[in-house]
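Undergrad: coords below, sequence missing:
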């Protein structure tokens, strides 16, 4: 496979993987019940981590990790199969 194609597939995987990782991270962060507010007296940003509370938060945590893992593996397999198919069909040469 030529280097330009390899870099193309690598960049494609990177961007698709980033999307799944961000979506999974949003689920994980929402499961942690993180609230953000601005203190009226001082004007400072206040972060409150109330932690995992209840079945809903645990479910969001599992869904977030699942989205990140399954999405990344699926993206890798999809892009890898495209690269192999293109290489087998002979459209690319060393």
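TA: All right, it came through fine. Here the structure is a predicted model, which means the values were calculated and not measured.
Undergrad: which residues does residue 72 contact?
TA: 17, 20, 21 (C-beta atoms under 8 Å, 6 or more residues apart in numbering). Glycine gets a C-beta too; all of them are placed from N, C-alpha and C.
Undergrad: let's see 10 Å
TA: Neighbouring residues of residue 72 by C-beta atoms under 10 Å, 6 or more residues apart in numbering: 13, 16, 17, 18, 19, 20, 21, 24.
Undergrad: so which of these belong to helices?
TA: Under the assignment DSSP state H, those contribute 13, 16, 17, 18, 19, 20, 21, 24 to helices.
Undergrad: among the residues you listed, which one has the most neighbours?
TA: The most crowded member of those is residue 24, carrying 20 neighbours; neighbours defined as other C-beta atoms under 10 Å.
Undergrad: pLDDT score for that one?
TA: The per-residue pLDDT reported for residue 24 equals 92.
Undergrad: against residue 16, how distant is it?
TA: Separation of residue 24 from residue 16 (C-beta to C-beta, to the nearest Å) stands at 13 Å.
Undergrad: with residue 77 instead?
TA: Applying C-beta to C-beta, the value for residue 77 to residue 16 is 11 Å.
Undergrad: can you list residues touching both of residue 24 and residue 16?
TA: 71, 72.
Undergrad: helices of this protein, start to end?
TA: Using DSSP H, helices in the chain cover 3-31, 54-88.
Undergrad: which one of the ones you listed lies nearest to residue 43?
TA: Closest approach to residue 43 among the helices of the chain (C-beta to C-beta): helix 3-31, 24.2 Å.
Undergrad: for this protein, give me the ranges with low pLDDT.
TA: For the chain, applying pLDDT under 70 flags the ranges 33-37, 48-53, 91-94.
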